[in-house]
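> Need a 3D model of the sequence below.
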Amino acid sequence: MPIIKSIKGKLPQIPQDCFVAENATIVGDVQLGKQCSVWFNAVIRGDVHYIKIGDKVNIQDGAIIHATYQKSPTNIGNNVSIGHNAMVHGCTIHDNVLVGMGSIIMDDCVVESNSIIAAGAVVTKNTHIKSGSIYAGIPAKKVKDISQELISGEIDRIANNYIKYASWYTEE
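Residues are numbered from 1 along each chain as shown. Model prediction:
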């Protein structure tokens, strides 16, 4: 059973159609949208501020979602993939975003829709990523504009695949 824990009277809100792996941890003021998946060893810790996650979001193995005490909540839009071992902290991610494996998005960043954060990128505090951008590196910088092929071929494909993968675990 996953760890689903109330903190200071706030219990995570998880719709029935979400998949949460047996060793995932979700605590406190967390709200998941429909068709989300939280994978093995992922942690969503809404103990110091709220975390709001939209529909069709997958939080892959080992990812950490947190916030900053009384200052920076975390808001994640719809159709977002948070890659393996990524860290998303006290920031806002709009719809249709791919956050690559091992990347870090720090406090008070805004990632606008239809964007990609490359694997291993470090998006430093207060960075504002405009819609349609690909950011990579340490610190992360814009490397190019995103094409429509990448939006449908990567962002949409990965989000839809994770709905399929989650169904394999809920069928049994």
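> When you work out contacts or count neighbours from here on, use the C-alpha atoms and nothing else.
OK.
> Now tell me what touches stretch 44-53 from outside.
Here stretch 44-53 makes contact (C-alpha atoms under 8 Å, 6 or more residues apart in numbering) with 7-8, 25-33, 64-78.
> Please work out the average pLDDT along that stretch.
Stretch 44-53 carries an average pLDDT of 98.
> do stretch 4-18 as well
The average pLDDT within stretch 4-18 is 97.
> May I see the buried residues of it?
Neighbour counts over stretch 4-18 (16 or more other C-alpha atoms under 10 Å) mark 4-6, 11-14, 18 as buried.
> For the strand of greatest length in the chain, which strands pair with it and how are they oriented?
Looking across the chain with DSSP state E, the single longest strand is strand 43-53. Applying DSSP bridges to the sheet, strand 43-53 is found paired with strand 25-31 (parallel), strand 64-66 (parallel), strand 74-76 (parallel).
> After it, which helix or strand is next? Please name it.
Per DSSP states H and E, strand 43-53 leads on to strand 58-59 as the next helix or strand towards the C-terminus.
> Done for today, thanks.
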